[in-house]
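Enquirer: Sharing a sequence plus its predicted fold:
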Amino acid sequence: MQQAEKETAKPGPLASVLSIFNTTIGQKIITGLTGLGLVGFLVGHLAGNLTLFAGSEAFNSYAHKLESLGFILYAVELGLLAVFVFHIVFAISVTSHNKSARKSKYVDSRSAGKPSRKSISSQTMIYTGIILGLFTIIHVWMFKFGPGMAAGYHTDLHGLPARDLYRLVVEKFKNPWIMGSYSAVMLLLGVHVRHGFWSAFQSLGAYHPRYTPLIYTLGILIAVLFAIGFLALPVYIFFAPLTA
Ligand code: HEM
């Protein structure tokens with residue numbers, strides 16, 4: 001009797017919500033939503049980084065303003081970390097599910113034509129994603145958790161002591177290996193976002209004969225903007241006669 005009750009018992013509301021994590025479509029939706037969230041972060045990050053072109057005071061003031069947000073910044077960073085982790089975990093899960101479901105691998109790497117968006121970009125998502133994940137860990141360690149005021153990276157901002165993040169960034173990008181590897185990863189970022197942006201809308205079920213091509217084109221534009229925008233910084237710093 002008890003066994004029969006167990007079998008017919010309906011899952012509770014929380015269990016129903018959590019069950020989305022176990023379905024491929026649910027995982028695709030989460031990958032897409034978190035991917036779009038990361039695009040939003042990158043738009044803000046790029047805008048902030050571009051202040052570097054305006055010189056050390058502008059860039060250090062921007063970084064200092066972020067730092068002075070205190071608790072709010074910690075909360076945003078925690079949310080960002082969660083978005084990164086969810087994006088990576090579910091993207092890996094969807095990819096491995098797709099791989100095992102697909103009996104034969106793609107033998108033809110050419111685009112499959114209009115309805116499909118098969119491209120080098122779409123077939124390398126997991127690899128470009130892994131490289132970007134590793135890059136992000138090294139990158140945050142290099143700058144966010146890099147040397148601070150105690151290590152001599154301090155400056156004067158309107159009479160107040162602040163971290164000289166500008167000096168750290170300039171010093172790093174004057175190194176040809178760091179400049180070169182950053183530039184290569186920024187190109188891969190463009191490749192990843194080119195397919196990811198469009199794919200996220202597909203996963204969310206946004207299909208419309210008129211708007212889908214627009215979303216696809218917008219994805220390409222954002223990818224080019226990210227690649228050029230983020231690449232401009234290391235290249236400019238390396239070649240410009242800047243002193244840290
Ligand atoms: C040339 C391109 C880039 C430059 C110059 C740059 C610069 C920086 C700097 C200086 C910081 C430290 C900010 C601080 O401590 O206040 C930082 C943090 C960070 N960057 Fe970048 N970044 C670049 C590209 C990227 C890319 C492509 C990603 C992601 C794929 C990324 C993800 C992050 C993250 C997650 C943080 C930590 C944010 C936080 O915790 O507040 N960055 N970046």
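Expert: Yes, it's here. Residues are numbered from 1 along each chain as shown.

Enquirer: Dihedrals phi and psi, residue 156?
Expert: For residue 156, the backbone dihedrals (degrees, to the nearest 10) come out as phi -110, psi 120.

Enquirer: Across the sheet, point out what pairs with it.
Expert: residue 161 (DSSP bridges).

Enquirer: From what I see, it and residue 149 are in contact.
Expert: No: assessed by CB atoms under 8 Å, residue 156 is found out of contact with residue 149, at 11.4 Å. Quick note: C-beta positions are derived from backbone N, CA and C, even for glycine.

Enquirer: between those two, what contacts are shared?
Expert: Listed as contacting both residue 156 and residue 149 by CB atoms under 8 Å, 6 or more residues apart in numbering are residue 162.

Enquirer: Give me every residue in this structure lying close to the ligand.
Expert: Residues of the chain found near the ligand (CB under 6 Å from any ligand atom) are 45, 49, 63, 66, 77, 132, 136, 139-140, 143-144, 165, 169, 182, 189, 230, 233-234.

Enquirer: Please repeat the previous calculation with a cut-off of 5 Å.
Expert: 49, 63, 77, 136, 140, 143, 144, 230, 233 (CB under 5 Å from any ligand atom).

Enquirer: number of nearby residues for the residue lying closest to the first one once chain neighbours are set aside?
Expert: Spelled out, that is residue 49. For residue 49, ignoring the flanking residues on the chain, the nearest one in space by CB to CB, 6 or more residues apart in numbering is residue 233 at 5.9 Å. Other residues within reach of residue 233, judged by other CB atoms under 10 Å, total 20.

Enquirer: was I right about residue 233 contacting residue 173?
Expert: Yes: if you go by CB under 8 Å, residue 233 and residue 173 touch, sitting 7.1 Å apart.

Enquirer: Find the residue at the geometric middle of the chain.
Expert: By CA atoms, centre = their mean, the mean C-alpha position of the chain lies nearest to residue 38, the distance being 4.6 Å.

Enquirer: Tell me who's in contact with that one.
Expert: Counting by CB under 8 Å, 6+ apart, residue 38 has contacts 83, 84, 87.

Enquirer: And the second one, how close does it get to residue 221?
Expert: Looking back up the chat, that one is residue 84. From residue 84 over to residue 221 the distance is 24 Å, taken as CB to CB, to the nearest Å.

Enquirer: what's downstream of the host helix or strand of residue 15, the next helix or strand?
Expert: Using DSSP states H and E, residue 15 sits in helix 13-18. On the C-terminal side of helix 13-18, the closest following helix or strand by DSSP H and E is helix 24-49.

Enquirer: buried residues in that following helix?
Expert: Of the residues in helix 24-49, 26-39, 42, 46, 49 count as buried by neighbour count, 16 or more other CB atoms under 10 Å.

Enquirer: Which stretches in this structure count as strands?
Expert: For the chain, the strands defined by DSSP state E cover 154-157, 160-163.

Enquirer: need the longest helix for the chain.
Expert: helix 71-101 (DSSP state H).

Enquirer: Okay, angle between that helix and helix 24-49 too, please.
Expert: Counting by axes from the mean of the first three to the mean of the last three CA atoms, to 10 degrees, helix 71-101 lies at 140 degrees to helix 24-49.

Enquirer: Now do the buried residues in helix 71-101.
Expert: So, applying 16+ other CB under 10 Å, buried residues of helix 71-101: 83, 84, 86, 87, 88, 90, 91, 92, 93, 94.

Enquirer: now swap in stretch 48-61 and tell me
Expert: 49, 50, 51, 52, 56, 59, 60, 61.
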